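>>> model the following, please.
(chains A and B)
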Amino acid sequence: MTTLIYDGTFEGLLTAVFEIYEHRLTHVRMQKGEWHNTALFENVIKVVTDDNRASRVLKGIKQKLSAQGLQRLYAAHMAEMEGEDDNLIGYIRYVFDSPKNIEEDYGNKYVMRVSEIVRMVRREKHRMEAFIRFQELKDKTFYSAIEPDYNVLPLLIRHFRNRYADQKWIIYDVRRNYGLYYDMNETQFISLDFATVNPGNVISAYNDDEAVYQDLWRNYFTSVNIPARKNTKLHLRHVPKRYWKHLTEKI
Amino acid sequence: MNVDRITEKLNILADAAKYDVSCASSGSKRENKNKGLGNASNGICHTYTEDGRCVSLLKILFTNVCIYDCAYCVSRKSNDIKRAAFTVQEVVDLTINFYRRNYIEGLFLSSGIFKDADYTMERLVQVAKKLRLEHNFNGYIHLKSIPGASDELMREAGLYADRLSINLEMPTEEGLKLLAPEKNRQDMIDPMGFLKNEIILRTEEKKLFKKAPMFAPAGQSTQVIIGATPETDQQILQMSDQFYRDFKLKRVYYSGYVPVLSDNRLPALNTAVPMVRENRLYQADWLMRFYHFKVNEIVNQDNPLLDLDIDPKLSWALRNLQEFPIDINKADLRMILRVPGIGVQSAQKIVAARQFRKLNWDHLKNLGIAVNRARYFITCNSPQHERRDLTGTAIKQYILAESQSKYIKNSTTQLNLF
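Reported below is the predicted structural model:
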């Protein structure tokens, strides 16, 4: 068993694939981050991300997978799900070791797993598209805080750019401490230093109308409910509790 | 802005609109243009009320003042309730501000009939026109077409709205006569036919001229109230089938009657909302639209009512055991779709995956099919399969015994297993 330590980037993962084939490794385990000099008796390779090698592997994948298939693989990796790198490596090796495109070979455990990961990621992305609640700040920027289960922020760019083309907005992943900022021209990744923000200033940072529309929305949410049809179980299935703290209507 | 007044209006006019169950915001192709606000190509449920229904659109009445006195409707003339009316600008402001905060996909605007049909329809069109032309709003707009409004207004509505709908209200003409004697079913069907033709015409036009404007790109829908009148499921589903075919409707909505009014023509006030029946009707509707079932296979002279304790697909399979078991590795997609416990996506995955290898029970489980139901109807690449010659009743009993029905505690009917 060889442990491959890499930097967590997609290029890093592809470089690792290169190493696996170069050294003809069979049993491997992926590990993200720094190498701590503890596992004395293990075989450890520290993968140094190499754009050249990564792009050669990428080129190979492109020959075996559809554009969509590659996108799915990319999204599955970006989600940063705990302990899934080994499955992604298994998937990529299966891609290379098969003579034809295996994207739909759901009987294979790696293909099935990637398909499950992609489904979970897409669901989370879709939930964010639904559950993001903007609040208008004094400078007319619309701000939203989120805490998605997986790292889906980059997947949200296109949707929100297309939709809110005429307003400035920020979507901030407070769990991973980075955000997206759109200035009506381009989007960029940003990180905010909340340590320097005085909580007392936060409320006063909102536009005067903001509280009014939040109240109207909460009123609306209550008015459209039909008490005779109360169904808490269904409600919770659609709006799980962990999302409530950023949902205007549930606060 | 007079916040208190707007809040009160919103409460009254949202409350009055909530019995219209249509919630879809999908099916349109409207894109954001000229860096404006919004697009309508997604279909997103932004939240769910405590009754578990999706909230996708700002669904309100323009006014709940109405000249009609339909027995089933909260807003009927003779009902002693608070009345209110929005101005065009108020609806526009609410829509824009809710939309900018990502609360909604767009607007669903309906109305009581005040003065006459044209006057009412004109207000609805004004709202949509203002949103589109003055605010460059590209979000979803669903307008009610008001029966009796002029062709001119209907045409204009189609230019600004994504979807138009007219509610049939009652599944049959007799039902409507009983509860809404002032209304005439033909008055509802005529504009549906007019809009259908207009949509076909405009779609042809758009094929020829890319720049031709879109016309109700998300089509038409309708709604019928279930359980207020004594129609059978067969009558209801045959009606749906006919409207899907004749008017190319995108959706028929079934709204279980919520007793809100005391009237000797209606179920008593303490009657339970027929939620299970409503759910079964939607399942049957899905079978017709996505699973290639014919309406007569689901309900017919011998089976005019849907089973309440099992879903209509299982019910059909149990009545047609001679069609099973099928070999999952050989059967065509159409037949796989008919197996209880297999949905559209799993069926497609099965057909794709079996080209690589023969599938066994483990594969099927991983693909997400409900093996506990499907196992009575299929064989796969495994020596284990159901060999007993079970009757429909026995299979039903086994399946019910090991599944936790979400309705079991609400079910009012006896399970007729024995």
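>>> distance of B:Leu364 from B:Phe98?
Separation of B:Leu364 from B:Phe98 (Cβ to Cβ, to the nearest Å): 44 Å. Backbone N, C-alpha and C define where each C-beta goes, glycine included.
>>> which ones are touching residue 7?
Just so you know, I chose chain A. A:32-33, A:47, A:49 (Cβ atoms under 8 Å, 6 or more residues apart in numbering or on different chains).
>>> actually, chain B is the one I wanted.
Per Cβ under 8 Å, 6+ apart, neighbours of B:Thr7: A:215-216, A:219.
>>> and the residue in the stretch 151-251 of chain A that chain B sits nearest to, its phi and psi?
Relative to chain B, the nearest point of the stretch 151-251 of chain A is A:Leu234 (2.9 Å; Cβ to the nearest Cβ). When read as degrees, to the nearest 10, the backbone of A:Leu234 gives phi -70, psi -40.
>>> ok, and the closest non-adjacent residue to it?
B:Gly52 (2.9 Å; Cβ to Cβ, 6 or more residues apart in numbering or on different chains).
>>> residues from the stretch 151-300 of chain B in reach of chain A?
B:256, B:258-259, B:273, B:275 (Cβ under 8 Å from any Cβ of the partner chain).
>>> quick one: these as CSV, columns for secondary structure and pLDDT too.
Rendered in CSV, the data for those read as follows (DSSP: H, G, I helix; E, B strand; the rest coil; pLDDT from 0 to 100):
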residue, secondary structure, pLDDT
B:Gly256, strand, 93
B:Val258, coil, 89
B:Pro259, coil, 89
B:Val273, coil, 90
B:Met275, helix, 92
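>>> what's the farthest-apart pair in the residues you listed?
B:Pro259 and B:Met275 (13.0 Å; Cβ to Cβ).
>>> name the helix or strand for B:Thr120, please.
Using DSSP states H and E, B:Thr120 sits in helix B:117-129.
>>> packing partners of that helix?
For helix B:117-129, the helices and strands in contact under the criterion 3 or more Cβ pairs under 8 Å, 6 or more residues apart in numbering or on different chains; DSSP states H and E are helix B:88-100, strand B:106-110, strand B:140-144, helix B:151-160.
>>> deepest-packed of these, please.
Among the helices and strands packed on helix B:117-129, strand B:140-144 has the highest mean neighbour count (mean count of other Cβ atoms under 10 Å in any protein chain shown), at a mean of 28.
>>> what residues are up against the closest residue to B:Ala317 other than its chain neighbours?
Once flanking residues are discounted, B:Ala317 sits nearest to B:Pro340: 5.1 Å by Cβ to Cβ, 6+ apart. Neighbouring residues of B:Pro340 by Cβ under 8 Å, 6+ apart: B:311, B:313-314, B:317, B:370, B:373-374, B:376-377.
>>> double-check that B:Ile399 belongs to a strand.
No. Per DSSP: H, G, I helix; E, B strand; the rest coil, B:Ile399 lies outside any strand segment and is helix.
>>> just give me the neighbour total for it.
Other residues lying near B:Ile399 total 20 when counted by other Cβ atoms under 10 Å in any protein chain shown.
>>> just to check, it is in contact with B:Leu314?
Yes. Using Cβ atoms under 8 Å, B:Ile399 is in contact with B:Leu314, at 7.0 Å.
>>> find residues that contact each of those two.
Shared between the contact lists of B:Ile399 and B:Leu314 (criterion: Cβ under 8 Å, 6+ apart) are residues B:Arg373.
>>> re earlier: now the residues of the stretch 151-300 of chain B next to chain A: which count as buried?
Among those, those buried by neighbour count (16 or more other Cβ atoms under 10 Å in any protein chain shown) are B:256, B:258-259, B:273, B:275.
>>> out of these, who's nearest A:Ala130?
For these, the nearest to A:Ala130 is B:Met275 (24.0 Å; Cβ to Cβ).
>>> surely that closest one meets B:Val258?
No. With contact defined as Cβ under 8 Å, B:Met275 does not reach B:Val258; the gap is 10.0 Å.
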